[in-house]
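[1] have a look at this prediction, sequence included:
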Amino acid sequence: MKATAAPAHPGDAQPLHPTQALDDTVHQRVRLGVLSIAREADQVEFGFLKHQLAVTDGNLSRHLKVLEGSGLIAMRKGYEGRRPRTWISITSKGKRALDAEIQALRELVHRLDTRGAH
């Protein structure tokens, strides 16, 4: 794909840069990590996410609220023995959003790889 300042022919649509397909809700490092880890399992426990992503309870909670508010994850609270637990699972919408994010990143990498080959 050749980048130009204007379309080659009037009326032709200029393809958007692959970064235009990145979703700010998904692309943020912690949220991308949550979605990726949740995609690997049916559900994941809050403490596991906290450890894997090296974040504080408060920081992770804020990101989970954003993802839950966007419909990308579901959270379930319960107990394991006497200890309260929160389990997170990715929703169908979350899977589609993660897939779209990964595809946009692949297109960006491909674009840069083909540019670097010259």
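    Perfect, I can see it now.

[2] residues near the residue lying closest to Lys50 once chain neighbours are set aside, how many?
    Leaving aside its chain neighbours, Lys50 sits nearest to Leu60 (5.2 Å; criterion: C-beta to C-beta, 6 or more residues apart in numbering). (Glycine included, C-beta is placed from N, CA and C.) By the other C-beta atoms under 10 Å criterion, the neighbourhood of Leu60 contains 21 residues.

[3] A strand includes Leu60, no?
    No - residue state for Leu60 (DSSP: H, G, I helix; E, B strand; the rest coil) corresponds to helix; a strand is not indicated.

[4] relative to Leu112, how far out is it?
    Distance check for Leu60 against Leu112: by C-beta to C-beta, to the nearest Å, it reads 31 Å.

[5] just checking, what packs against the helix or strand harbouring Thr114?
    With the criterion set as DSSP states H and E, the secondary-structure element containing Thr114 is helix 92-116. Applying 3 or more C-beta pairs under 8 Å, 6 or more residues apart in numbering; DSSP states H and E, one finds that helix 92-116 contacts helix 24-27, helix 29-40.

[6] tell me the buried residues in that helix?
    Judged by neighbour count using 16 or more other C-beta atoms under 10 Å, the buried positions of helix 92-116 are 94, 97-98, 101, 104-105, 107.

[7] figure out how far that helix is from the centre of its chain.
    Offset of helix 92-116 from its chain centre (C-alpha atoms, centre = their mean, to the nearest Å): 10 Å.

[8] can you check stretch 29-45 too?
    Averaging C-alpha positions (C-alpha atoms, centre = their mean) puts stretch 29-45 9 Å from its chain's average.

[9] what does that stretch contact?
    Residues outside stretch 29-45 that contact it (C-beta atoms under 8 Å, 6 or more residues apart in numbering) are 25-26, 48-49, 52-53, 55, 59-60, 63-64, 66-67, 72-73, 76, 85-90, 94-95, 97-98, 101.
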